[in-house]
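Asker: Mind folding the following:
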Amino acid sequence: MKMLWAIDPFLASSKAHAATFAYMKLLGKGNAQIAVAYVASPAEINLSAAFDRPAGERYTRFPLELIKKALKSAKVAIPTKLIEVLPEMRISQTSAVDRLLEHAEKLKAEVIVLNTHSRKGLARMVLGSFAESVIHRSEIPLLVSNPSGKPRPAIKNILYAADFEGEKDPGFEKALELAKQTRAKLCVLHCAGPMYEWPDNPKEPAVAKHKQVVNSRALEVARIARLAGVTADVLVDARFEEVSKSVLRYAAAKKADLIVLNAKAGRFQALLGGSTTRKVLRAAKQPVLVVKSVNK
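Answerer: As a prediction, this is how the structure comes out:
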């Protein structure tokens with residue numbers, strides 16, 4: 001699995017870098033090909049104000065030194081030839097994000113890895129504007145790691161939040177692939193809403209139709225997992241609760257080591273995978289893999 005680690009030497013701690021690297025190795029199951037990249041921009045005050053360094057080094061050699069130092073501190077061994085500093089002199093976050101995504105496509109990366117901010121209280125709920133923009137614009141799956149999360153020795157349980165919409169579900173396919181690869185147990189959660197438990201009423205045919213669709217998809221998901229040789233539970237939650245809260249609650253109850261979400265992306269989609277994805281990313285203690293459904 002080819003992974004591009006969009007590292008920020010000014011953001012996460014050594015402990016967070018070490019935990020993120022450990023998760024990448026677990027997902028790659030010993031076959032992870034990890035490259036590192038950092039977009040160096042004048043928008044980063046730590047670079048633009050580095051007056052003790054020659055101007056020509058502030059967006060090239062200087063950040064490279066910082067990255068190597070951060071990796072060494074985290075006891076992460078990545079060859080220098082696999083670390084790329086990408087200068088982007090336009091003071092535009094969109095330009096910086098696109099520079100990273102172009103590099104990811106050039107490398108044919110299958111996953112882009114990001115860290116959220118390691119903060120407490122209200123500030124902890126901030127992903128970081130660069131990370132949010134990457135999640136918004138990328139069509140490549142993203143692994144988002146919370147620096148406060150504790151590394152696990154193995155991926156034993158994966159939680160996938162399924163919306164049961166459409167015939168093709170890239171998120172489920174990826175969750176199933178990872179469960180099979182890591183020999184993890186898969187929990188597929190669908191938040192059907194309170195209507196799922198309403199009594200059948202001839203005057204409200206939508207209720208029966210809703211139940212029929214949900215039950216049919218749940219059985220199909222269980223069948224596909226069984227044929228793939230993956231142990232899976234398919235859960236339907238009918239509580240009157242925000243989907244993000246349900247996902248986080250079940251992730252804790254099932255002791256999930258990884259949460260997988262499916263988010264839409266495309267030229268005409270102005271979303272960060274929707275508010276559910278954003279809320280889960282901000283609060284999850286586990287790494288979250290965001291798989292993109294691309295609409296051209």
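
Asker: which residues of the stretch 1-150 of the chain score low on pLDDT?
Answerer: 117-128, 147-150 (pLDDT under 70).

Asker: hmm, 80 instead?
Answerer: 11-12, 29-30, 116-129, 132, 146-150 (pLDDT under 80).

Asker: Would you map the helices across it?
Answerer: Using DSSP state H, counting those that start in this stretch, the helices of the stretch 1-150 of the chain run over residues 14-28, 45-48, 61-73, 93-107, 129-137.

Asker: Could you list the buried residues of the second one?
Answerer: For helix 45-48, a neighbour-count test (16 or more other C-beta atoms under 10 Å) marks Leu47 as buried. In this view, the C-beta of every residue, glycine as well, is placed from N, C-alpha and C.

Asker: Packing partners of it?
Answerer: If you count contacts as 3 or more C-beta pairs under 8 Å, 6 or more residues apart in numbering; DSSP states H and E, helix 45-48 packs onto no helix or strand.

Asker: Now do that helix: everything it contacts.
Answerer: Here helix 45-48 makes contact (C-beta atoms under 8 Å, 6 or more residues apart in numbering) with 10, 40-42, 58-59, 62-63.

Asker: ditto for the third one
Answerer: For helix 61-73, the external contacting residues (C-beta under 8 Å, 6+ apart) are 7, 9-10, 14, 17, 36, 38, 40, 47, 50, 53, 77-78, 80, 83, 85.

Asker: if you set the cut-off to 7 Å instead, what comes out?
Answerer: Defining contact as C-beta atoms under 7 Å, 6 or more residues apart in numbering, one finds that helix 61-73 is touched by 7, 9, 14, 17, 36, 38, 40, 47, 50, 53, 78, 80, 83, 85.

Asker: Same check on stretch 9-27?
Answerer: Taking C-beta under 7 Å, 6+ apart as the rule, stretch 9-27 contacts 1, 3, 5, 32, 34, 38, 44, 46, 63, 66-67, 70-71, 73-76, 113, 115, 117-118, 145, 147, 149, 151, 154-155, 178, 182, 287.
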